[in-house]
Every structure is written in C-alpha cells, then in structure tokens.
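**Student:** got a structure for you, letters missing:
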C-alpha cells in the first residue's frame, strides 16, 4: 500500500493510515525531526527502517537506530530528519506483510537571514580581519565559496582570505581574515603576490546570496559592502591617547571613550572594564560604535563620585592586528619587552 | 591463593577507562561541533568540540584485534545519503585511525544545519554511526584568551602521558597549546601555554601564527609538540615542565614553502628503521610540482632533531620545484589528491582521496 504523509509541524499524530491488514496505524514525527514512530500495537515484529528518497536515484538507508517502545516502533536517525527531504518508513505488520509510508517535514517558511559588516570604517591597507554579523546562525564549511573581494575595476582579488573558518559560539558572527601571509610585510606570499589591499583603493566584498541559514533559508541575493583602503598601520594603539568623557555621579549617563584609531569591534565587547578606587569592578552595559572608534558604557547602578580606572586587556587590537602590548609585525632583531605597555587610565567621576 | 586469583580476575575485568578517565560520565554525550579527532592508547578517542570549547575523551572499548580498514568508493556520497542529503552538503572534518583496531573514525558535519557526528569504517568497509550511548567519557574545558573564548581547536593528540590540543580564539591572532593530564578528569580545565615561533619565510618571530596540525614527540629527556603552520614551517615546542600561563618559543627546523596549508601530521618508522614525519598539505597557489593541490611530504626526523645552528633563520628549505631535496625531504606520491590522511601502522596509512569530486577511502603503502 503506497501512501504519502505530509508532515507540517509540531509533535503531532501526523497521519493516520491503514495498513494492508486493515489495522489502524499512526505515523508520528516531532517538529525537530529527531525520530519517527510507527504506532501499531499489532505490529508483527519489531522491525522498522527508514530510507531517504533523493531527487535522483533510488532509496538510501538512513543511518540510525530502531527500537521497540511498548506500543510503537521508533526509529531515531543519527542526525535529525531534514526539512524538505522525502523519507520512507518500512515495517512489517502482524500478518507479516511489508508496509511502508512516505513522509516529509515541510519547511516552515524560515525567515530570510540578513548580514552586516563591521567595522564600518575605512581599513588600513594591512588590515587583518573583518566581521560578518548575520541575523541567524549560518551554514558552515562554505565561506570561501560564498565570499568574493572585487577591486574598483571589477577584477576579483585572488586568494584574499585565510582558509581557517572562525565562527562565534552562536554561529552568527564570522571572523573573515585577510590572508596574513599576504598582509604581512616580507612574507613569501606578500613578496610574490603583494598585499590583498592597496592604499587608496576601493574594493567590494560580495557575500553570495546562496548562503543559507541553518534553518535552510538563503540570503537570496548577493549583498555588497564597500571597503576603502587607507595607509598601512604599523603602530600600536595607545591608551594615553584615548579621550575619556566622564559621566556625573548619581547618574547612569554613559562613560564615553574615543580611541586614537579604530579598534577591533568584537574585542571591544569584553576588552575594557571600569573599576572603582577600591578595585571593585563596575557592572556595565557596553555599546561599541560600528566604526570601532568609540565605546560607551552605562552602569547598572548610578555612578559613585570619585576616582575610577579604565582598564584594557593588553591584547586589544586595532584593525591591523597591532595590540596595546605589541605590534603585529615584530622584528626578531628588536629587543622584546623594551616598550612599556600601559593598559589603564584613571579618571574622576565628579 | 583463591583470594589472589579473585583479585586478579576483578582487576582484569575493570574497564580500561579506569586508567584513562577520571570521574567519567556514562552515556548522554552530545557533541555541538567537531573540528578534530584523534586516538590515544587502548581505544581512547579524543574529540575537539570548538562550539563548547571542550576536548572530550571517550573510551570506545574498540581495542582490537587489529585489521586494516576496507576501501570505500565514493564514501562521501554513502555518508551523505545515510544522513538524508547529498555529498556537496557534508564536510568530512577529520579522520583518524584507531591504532588498536585499525578502524577508521570520521568526523562529519552536515549542511545547512551544521549537525555533527562521528562515523566508523571497519575492515569490510562498512560505514556506521559511532554510538556513544553506553560509553564512558570525560570532558575538559579549554580556557579562553583575555578577550575572547577559544573557538577553533585545530588539533588534539595524546602523547602517552598527557593530552595536547592546539587552538585559537576567533578575535585574537594567537597560538595556544593546551595540556590535559591523564587520567582525563571530567569537568576540569586544561592548562594553557602561549606559543610563538620563528617564521623561516620572513625571518621574524611569527608570534601569533596558529599551529594547524601537530604530533607529540619525545626526544632524549624532552617532550615536544612538533607543529606545522600555514606558509609552512615545521617547528617544535618543548613542553615538559611548562607551567600554565607560560609562553614557549618554538624552534623552526624546516620550511616547506609558502602558499601551503598543512592539514595532517604523523610520524612513522620505515622498514630500514629510519624515522619520518609526514606533513600533508593543501596548496592554495598554482602547483609547482605534482598533479594535485593536495600533497604530502615526508621529512627525516633528523631535521626535527637538528642542531641549533640549523634552526630558525638557518632552517632547511625544501626544494619547492623538485620531488625530493634536500636529502631526507621527499614528496610522497601516494598522497597526491588526499584530503585526509592518518597512519594505520608503520607500513600503511588510510587516505581519503578526492578524484574528480568523488571522495573515496583507500589504504596506501608508506614508502
């Protein structure tokens, strides 16, 4: 008996079907596709298998485990059933006749993902990385196929990115590294092919529209971001050059810090802290400017009058990978640790 | 005598995990992601889960007898079909061979949902999911950097006494080596070492380049991590008596040539007793030699043990336009086209080879 059951959503009895033996049978699949259950109290033997029905070719056995749970046969696939994919369950009824039913978890019109680029700032010609922020977790393993860098004349830049794929734990932010071997002075790739970015040139980063969210919805169309390359940056940021705009005591006005150059927008989320004179940290709500040039922190409790200290982690980097502690390019002939590293600034809350 | 016999019987019946895992969990393991897998002794599988910043040690109970894995043509399509999709929607992230049984373990990620699992291939070439429901396991957290968490664990390995992992944060361009004592205690945190090395290609300290792949190595009285970097120096880091939080400077011995990304590293001893380290890489520039962008080279262990006056700025450069040279550095023909490689024994290796878009599992003879 050839039957097809279309499954929409939810943990439901998704289709009641009649087997060849005229016994009532129900097929259940939860929304997350974690298993399929054949509820057939009179099932002849505890045997259930599931195959995938590809668009081309014959059925392919799905990897998973079948078991008997009281009144039902349960098949748990090794990975959840995929929305939009047709599957077929096969079992044997009481009379010993083979039975089967097809099912498919329909896609529930997932939201189209969006993407934005940070920092929204001109980049030094020796820039090290960019961040793509997506509105949803995205599929992994395809970023080199989905990203293109095109120069002002429309020519694609060859091999611009480091091959290592680095996502944030929530899968929504991708760190896109310009190839360090090309961005770093004197490395073979830099000498052979030149840097990825050239000063005073404009580029376009194109994010391919075929890139899908983990729910299966693609961006839909290519998304382009303009990139302006400025002079190379071979200097470390300096906390002494930052402008600190102190709030007033008794308020929850933000503490504002303007940097001497754009800094890494992702690191700024956690790299700066504020401490009272006694040393205890102030609980803050952080806001990082999209261009990485400034940072604001609003306290959870009103500011207390008196001396405070802004502290930065030494690894906080500018857009070229120069940190407070050291330059991205360190010459072996230079004495290390000769430059004092300052990572704190005091300020008064009046 | 009866009591002695009883004690002996009980001790033999104890699971092997008693020695390798401390306070393990039993069943219930959920892997958020898998970037690297590797085997220790006695069937101990190490899994790097970057999504949760953990290394997980699983006692597989897969302890032999040993046989070679069966060949599987178009294995990517076989796996993809079994996961309800097609070959272009899966990535085989890593492959390792259990030295105790010869069984191949594959870490696979499916798209678009990024769901991950481990599969095994036995001597008959049968591909099945690796079931962890009834297995003992311990997980160890990898500490992050000062400004971000570890989100990329490039490799993990066991040196007989400790577990090592290498990783990076996705915000800081930095290289870290993690050490985990054995038995692996569930819920503990790894020690971390910041690693720097001299980059032969541009004669500067490549202070921040991440280690892509590595092997633990013991020479004389010293323990080392021998690692390969992008662009592509091979360097070693002395890691005995290193305290957590310390910085260790690597010593570069060999430069394999720029434009390459190392993928796998293993060591073996050939029939004559000579020791080699095999570096398997992917070229991202035009080929200078051979038919594929995936290629491998074996390097005499003599280079790894090179005297100080033959390291760093005086390290040995591979002849990038020839199959061999200088002496003791040789391209391995059988590795052309290999996208994943791991040693089975001193005579053979398992290879996942990409031939015109189809990935197959093969066993190759080592030279």
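**Tutor:** Cool, the structure landed. These numbers come from a predicted model, not from an experiment.
**Student:** tell me the SS of residue B:88?
**Tutor:** Following DSSP: H, G, I helix; E, B strand; the rest coil, the label given to residue B:88 is helix.
**Student:** should've said residue B:81
**Tutor:** Recorded secondary structure, residue B:81: helix (three-state DSSP).
**Student:** Near residue A:217, how many other residues are there?
**Tutor:** Counted with other CB atoms under 10 Å in any protein chain shown, the neighbours of residue A:217 add up to 16. Bear in mind the C-beta positions are built from the backbone N, C-alpha and C, glycine included.
**Student:** Touching, residue A:28 and residue A:71? I think so.
**Tutor:** No - applying CB atoms under 8 Å, one finds residue A:28 not in contact with residue A:71, separated by 11.6 Å.
**Student:** Of those two, which one has the most company?
**Tutor:** Remark: of residue A:28 and residue A:71, residue A:28 carries more neighbours, 18 against 12, as counted by other CB under 10 Å.
**Student:** Least confident secondary structure element in the chain?
**Tutor:** Unless you meant another one, I'm taking chain A. strand A:12-18 (a mean of 42; mean pLDDT, DSSP states H and E).
**Student:** what sits in contact with each of residue A:28 and residue A:71?
**Tutor:** Common neighbours of residue A:28 and residue A:71, using CB atoms under 8 Å, 6 or more residues apart in numbering or on different chains, are residue A:39.
**Student:** residue ranges with poor pLDDT in chain A?
**Tutor:** Residue ranges of chain A with pLDDT under 70: A:1-25, A:40-46, A:94, A:184-192, A:330-339.
**Student:** Contacts made by stretch B:262-279 with the rest, please.
**Tutor:** B:155, B:212-215, B:217, B:226-230, B:232, B:234, B:256, B:280-282, B:294, B:296-301, B:304, B:332, B:335, B:339-343, B:345-347, B:349, B:366-367.
**Student:** can you check stretch B:245-253 too?
**Tutor:** B:177, B:191-200, B:205, B:227, B:233-239, B:242, B:303-304, B:306, B:308, B:310-312, B:315-316.
**Student:** Give me the buried subset of those.
**Tutor:** The neighbour count (16 or more other CB atoms under 10 Å in any protein chain shown) marks B:177, B:191-200, B:205, B:227, B:233-237, B:239, B:242, B:303-304, B:306, B:311-312, B:315-316 as buried among the contacts of stretch B:245-253.
**Student:** so how far does stretch A:56-65 reach from one end to the other?
**Tutor:** Taking CA to CA, to the nearest Å as the measure, stretch A:56-65 stretches 25 Å from start to finish.
**Student:** Tell me if I'm right that residue A:195 and residue A:182 touch.
**Tutor:** Yes - the pair residue A:195 / residue A:182 is scored as a contact, 5.5 Å apart, by CB under 8 Å.
**Student:** quick one: which of the two has more around it?
**Tutor:** Shown here are residue A:195 and residue A:182; by other CB under 10 Å, residue A:182 has more neighbours (25 against 21).
**Student:** Is it correct that the more buried one falls within a strand?
**Tutor:** No - going by three-state DSSP, the assignment for residue A:182 is helix, not a strand.
**Student:** Tell me the buried residues in stretch B:273-281?
**Tutor:** For stretch B:273-281, burial by neighbour count (16+ other CB under 10 Å) applies to B:276, B:277, B:278, B:279, B:280, B:281.
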